[in-house]
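> Would you be able to build a 3D model of this:
(chains A, B, C and D, ligands or ions: 5)
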Amino acid sequence: MSQSYNRGLIEDFGRWKEFSAGMWAWIFHKFTGWMLIGYLFTHIAVLSSAIAAADGQTIMLEGEAVNAYTGTIQGLESLFIIRVLEVGLLAVAVFHILNGLRLLMVDLGIGLEAQDKSFYASLILTGVITVASVPTFMQGVGL
Amino acid sequence: MSTQQQEPDTDAETEPEEPESQEVPADQEMSGLASPQQQRLQRKHDGMAEREREAAEDDLEGDSVHIKVFRYDPEVEGKQEPRFDDFHVPFERGMTVLDAVIYARDEFDSSLTFRHSCRQAICGSDAFFVNGRQRLGCKTQISELDQPVRIEPLPHQEVVKDLVVDMDHFYDQMHAVEPYFQDEDTPDSADLEEQRQSPENREKIKMSSRCIWCGACMSSCNIAAGDNEYLGPAAINKAYKFAMDDRESEEIKEHRLRIVEQEHGVWRCQTQFSCTEVCPKDIPLTEHIQELKREAVKKNLKFW
Amino acid sequence: MYEHDVIVVGAGGAGLRAAIGAHEAGADVAMVTKLHPVRSHTGAAEGGINAALREGDDWELHAYDTMKGSDYLGDAPAIETLAQDAPEDTITLEHWGMPFSREDDGTVSQRPFGGLSFPRTTYAGAETGHHLLHTMYEQVVKRGIQVYDEWYVMNLAVTDEPDPNDRTCHGVVAYDVQSGTVEGFKANQGVILATGGPGQAFDHTTNAVSCTGDGNAMAYRAGVPMEDMEFVQFHPTTLPSTGVLISEGVRGEGGILYNEGGERFMFEHGYANNDGELASRDVVSRAELTEVNNGRGIEDEYVHLDMRHLGSERILDRLENILHLAEDFEGVDGLVEPMPVKPGQHYEMGGIETDENGATCIDGLYAAGECACVSVHGANRLGGNALPELIVFGKRAGRHAAGDDLGEAEIETGYSEGVEEEDMELPITPGEAGIAETGATDTEDVAADGSGQLSDPDGVLDRTITEERERVEYLMEKDDGIQHAEIRAKLQKAMTEDVNVFRTEAGLKRALKTIRECREAYRDVYVDDPSRTFNTDLQMTIETRNLIDVAETITLGALVRNEFRGAHWRQEKQERDDENWLKHTLVSWNGGKPSIWYRPVILEGENKTYEPKVRSY
Amino acid sequence: MAERYSSFTPGGTGWLLQRITAAFLVVVLAFHFFQLHFITHAADVTFAGTQARMEHVGYFLTMVLFLVTATFHGINGVYNALVNQGLDGIQKKVVLAVLTIAGLALIAQGTYVALVMAGWA
Ligand SMILES: Cc1cc2nc3c(=O)[nH]c(=O)nc-3n(C[C@H](O)[C@H](O)[C@H](O)COP(=O)(O)OP(=O)(O)OC[C@H]3O[C@@H](n4cnc5c(N)ncnc54)[C@H](O)[C@@H]3O)c2cc1C
Ligand code: HEM
Ligand code: SF4
Ligand code: F3S
Ligand code: FES
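Residues are numbered from 1 along each chain as shown, chains lettered A, B, ... in the order given. Ligands and ions are numbered 1, 2, ... in the order given. Take a look at the predicted model:
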């Protein structure tokens, strides 16, 4: 099918804007899923500093020697960019959860007629939750 | 069209059908080696421009619809590179997309090619990609669309020519679900004895039995586009029709579930819903697919 | 070259059933069809299948109703075969899984239909034809029957003995629409034509664009008589722009017809003072056209069918699909405005002359379905009688072709010495301008030279292949001339104007002239599209030729039959004339000597003789 | 004709597990987020604090289960996504192997980290 014949511009051009709710939901879910698994790997990597900490290693944080784990985490947390990324992560996770719930409903055959509405609802809710949690996430970040 | 002594209806606006330069390689007409086809087109162009001027004078009569139609022919020089042709078709109340392309073919360019037959949304021949969506040409009122109306062959299928796509793969998928009653154990028809079926059960399969094999759903599905072996919504729906019909025995139903729960069966569906949205027969395809997933899981659970 | 025992041309209801029948009888069968089977026009049928299944009903009642409906122009053996076989064949469909509508006890539902004395119309929602078509295609898939889809059959390979009754059909020649190659299909046992109706001879029809009477024209040119072609059913309520059928249900529920002045003309102009809108199809069609012809039509074309007064609740409940049809195909919302309707061609009662086994006078050539005329519908088809015809006679033709013994047929076929011949002065002799022919292949019509030279199967096939290849070459290479669309439009216009529900001698003669002009114009036809790939221009050009031949047989029949019977109305004699016209009209094209002749109707049935009565309901 | 799809796998199991893990994750992930961003603010995380939490067997087990389900869910999700894009044959096998190894490694490393945190390793 699509692999076997290239219609050049015509096959690909402007296809995006022809997507409908369910297809966007699918794209976003994919994207957020990949972000999450990617984060999980990073997360474990960062947390691995606990191994060093348990060995009693220390690193320098704001001129003090703290244990490697606390230092790594707090050091990262003090960066503005990390806070922004965290808000992003929250948005990603919230959307994935909400849309995941939507998908679970779809799998159970509940509310199929409202599938587009529930997608829009997940989007809006994600936005609201993300915005609402910005203060908490930005708390005490050193600029 | 160019050379015959056509007697155009005096009020029919005829306009050049020559492609707009936009999508066409600019040098196409410049090339010294114009094929007979191109020469004809050129002559036609001239003739039509003239008529257009005439028409413009008494042009008060009705509006015309601007359609842009995908053109491609592997054999004809000048059509090997896909392009869009423009046609201006006089609008009439009730005009459908199919009417518009028929008019364009009969009046402007007889080589414009597309499948069509019943004109009433039952033969499933004329699913096109119209303004970015899979639609049945004969069932789409042109007045409801933004102009210019862009008409393309179904995406994700090989184009044979113009709006005609290769349907073989679609048919293969339809056939792959063993779409036929297999119960050998039916009463003797000579005794006029029927298999009983409750009205409720008939109602259950009603929507699934409406499929006209137009292929719109399959074409709209991203997953089917990426995975050629995916059975696709239409074939799964076909399987649903049989699996849910109480007239067949339990063993056959299980056999049917085994077919659809294969790797390239129902699990491929990512509930994108585009199939359900484009289906001209309003079949709740996603719902049927989801129900089969649950049935398959239930069946598998039994053996754990 | 492909070779099979039985070749079925066309894969609508009749073709599919024929293929399954032949397969059941053990033959190696293949179907050659210009559309994929599920695209066939059988899918459009809505109403149902008549079959006497229930207590209180029996085949004799069905036969009686059919005979009466036919206005006593059906042949009793054919009608009785239909009525006898329909129940079992319908149940067979049920066993194949056809989703019939059901009663509470799980049995198939039946409903009343016009002209039936018992509610015996078995149905599957409002899409009986769709389910019939798909169910049978499923069985074809199950049996692994070979289907050559999108192969357009151009001609029959028939030997050329002088007398058509001595000829044999050895196969067909078809071209592959996708690639443009012309190939032969050899049939060792028989060829079955199941190509459907010729509705495209008219410009306003409920029939599909593919209904071009190809089978009729091919058989006609090979020497098989066309029977009762003048009987064409027109449906009074079709949408003006597309011809989509608005079912009788609307009028049944109380829909009203208005003319431009808002008059309820069925009453106010006295067309049917008792039944009004519910009068029979032909009466309503004629009334509508009279209104339009007298300047009282809307936009000079149609009348209004109004159902708004029924209230949206009732409409949504019972006529929902009508709302969709009006909306999708006419852009009209039936809840807020009246729907435009006008009469449209709907069904061709006549066709290729066959007997109860589907056999024609040419050995090895069969026909079934709308293209055939076993003569069950006579002068008027009852609703719900075409689908059983497909399955009953499709199956019989398939089995017979595959060698099953179905007993001796009672209906005679083919011209023979001593039949009554028509000697009317025609404005033109039908053959005067020759068969609609391309300039290149003027005299090479299969049957035309009648020299009896070619009788071995391969020779016949080879010659036909060569001829058809030449025809295609010629059409493709010719660079200018006239295009088929123009000829077709002219033909359709003439047919709709003069061979419509109103038929006058002058009008029919005028139509015959136009048809002849079309024939002449066709000699200069050319195909503009230079491509071999999916060349619909070429296909439609060939179809147009068939339409010309079929249109001519319809018009000739209508011209000679000077009476009013069933669907055929003549101004000069507006009543049924049993004295002179209890006979079939046959038009034969044979060896350059086209002729019109007659064969008496068979009214003797198995147990009784049907006495013509006044047809009143 | 169904035999064409010879790579028969009862795909239902993977599908079902993906849903079940998802349902489980909703709960734990929400809990996790609240715990580490709203109750204890991420910026205030210290080794000591983490150790204190991990020492509860219940919390430890929840976190390890969280890790296992999330890994399965994520890896299986990625694998399905790739297969849906038409991955086939050798390629598919390789991807499966790589993903499985990555997933197992992640779980191993994560569990080890958790054990360390709890002070049991
Ligand atoms: C709108 C509508 C509603 C109807 N409702 C009813 C009803 O309720 N009850 C009833 O009994 N009847 C009804 N009828 C009539 C009935 O449906 C038709 O008479 C019947 O379906 C014709 O079937 P068929 O098999 O003869 O032809 P079709 O179904 O038309 O099939 C013709 C086949 O021949 C093939 N073919 C044609 N020419 C060629 C060629 N040159 N080469 C190769 N293949 C070719 C086509 O591809 C097609 O497969 C209705 C008809 C219409 C139009
Ligand atoms: C918290 C609740 C979560 C829910 C409700 C949830 C739900 C889902 C569901 C239902 C799917 C399947 C989509 C489908 O097959 O159609 C899915 C896919 C996926 N999930 Fe989650 N998930 C959650 C958490 C996570 C986490 C924590 C991760 C990361 C580790 C993750 C990673 C993924 C990935 C990678 C996919 C595959 C996406 C794709 O199709 O490409 N999910 N999720
Ligand atoms: S399911 Fe709907 S969209 Fe798909 S082929 Fe059937 S009718 Fe067309
Ligand atoms: S669009 Fe495709 S992903 Fe499923 S819901 Fe329809 S089959
Ligand atoms: S022409 Fe038959 S579905 Fe549109």
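> contacts and neighbour counts: CA atoms only from here.
Will do.
> As a check, name the ranges of all helices in the stretch 151-300 of chain C.
Taking DSSP state H, counting those that start in this stretch as the criterion, the stretch 151-300 of chain C contains helices spanning C:214-222, C:249-253, C:265-268, C:281-293.
> First-to-last residue distance for stretch B:74-89?
27 Å (C-alpha to C-alpha, to the nearest Å).
> Let me know which of the helices of the stretch 151-300 of chain C is the nearest to C:Glu470.
Distance to C:Glu470, taken as C-alpha to C-alpha, is lowest for helix C:214-222 among the helices of the stretch 151-300 of chain C, at 17.3 Å.
> distance of the most centrally placed residue in chain A from D:Phe31?
Within chain A, the residue whose C-alpha comes closest to the C-alpha centroid is A:Val92; the distance, by C-alpha atoms, centre = their mean, is 2.9 Å. From A:Val92 across to D:Phe31, the span is 16 Å (C-alpha to C-alpha).
> what's the pLDDT at the residue nearest to the centre of chain A?
pLDDT, A:Val92: 94.
> How many neighbouring residues does B:Arg294 have?
B:Arg294 has 17 neighbours, counted by other C-alpha atoms under 10 Å in any protein chain shown.
> could you point out where chain D is predicted with low confidence?
For chain D, the stretches flagged by pLDDT under 70 are D:1-11, D:86.
> Just the strands from it, written as ranges.
Taking DSSP state E, chain D contains no strands at all.
> can you count the residues close to the nearest residue to C:Glu3 once chain neighbours are set aside?
Leaving out its chain neighbours, the residue that sits closest to C:Glu3 by C-alpha to C-alpha, 6 or more residues apart in numbering or on different chains is C:Lys186, at 4.6 Å. Counted with other C-alpha under 10 Å, residues neighbouring C:Lys186 total 24.
> wait, doesn't C:Lys186 sit right on C:Gly171?
Yes - between C:Lys186 and C:Gly171 there is a contact under C-alpha atoms under 8 Å: 4.4 Å.
> shared neighbours, these two?
Listed as contacting both C:Lys186 and C:Gly171 by C-alpha atoms under 8 Å, 6 or more residues apart in numbering or on different chains are C:7, C:461.
> Find the nearest non-adjacent residue to residue 67, please.
Unless you meant another one, I'm taking chain A. Closest residue to A:Asn67 apart from its sequence neighbours, by C-alpha to C-alpha, 6+ apart: A:Thr58 at 4.1 Å.
> Not quite, go with chain B.
B:Val149 (4.6 Å).
> Would you check that the one you found makes contact with B:Gly132?
No - using C-alpha under 8 Å, B:Val149 is not in contact with B:Gly132, being 9.6 Å away.
> Let me see the contact set for the spatially most central residue of chain D.
By C-alpha atoms, centre = their mean, chain D has its centre lying nearest to D:Thr71, at 1.6 Å. Applying C-alpha under 8 Å, 6+ apart to D:Thr71 gives the contacts A:37, A:40, D:103, D:106-107.
> Tell me which of those residues fall in helices.
In helices, defined here by DSSP state H, the members of the contacts of D:Thr71 are A:37, A:40, D:103, D:106-107.
> of all those, which two lie farthest apart?
Within the ones in helices among the contacts of D:Thr71, A:Ile37 and D:Ile107 form the most distant pair, 12.4 Å apart (C-alpha to C-alpha).
> can you list the residues of the stretch 151-300 of chain B near ligand 3?
Counting by C-alpha under 6 Å from any ligand atom, the stretch 151-300 of chain B comes close to ligand 3 at B:211-217, B:234, B:279-281, B:283.
> 8 Å instead, please
Neighbours of ligand 3 within the stretch 151-300 of chain B, by C-alpha under 8 Å from any ligand atom: B:208, B:210-218, B:233-235, B:237, B:275-276, B:278-283, B:285.
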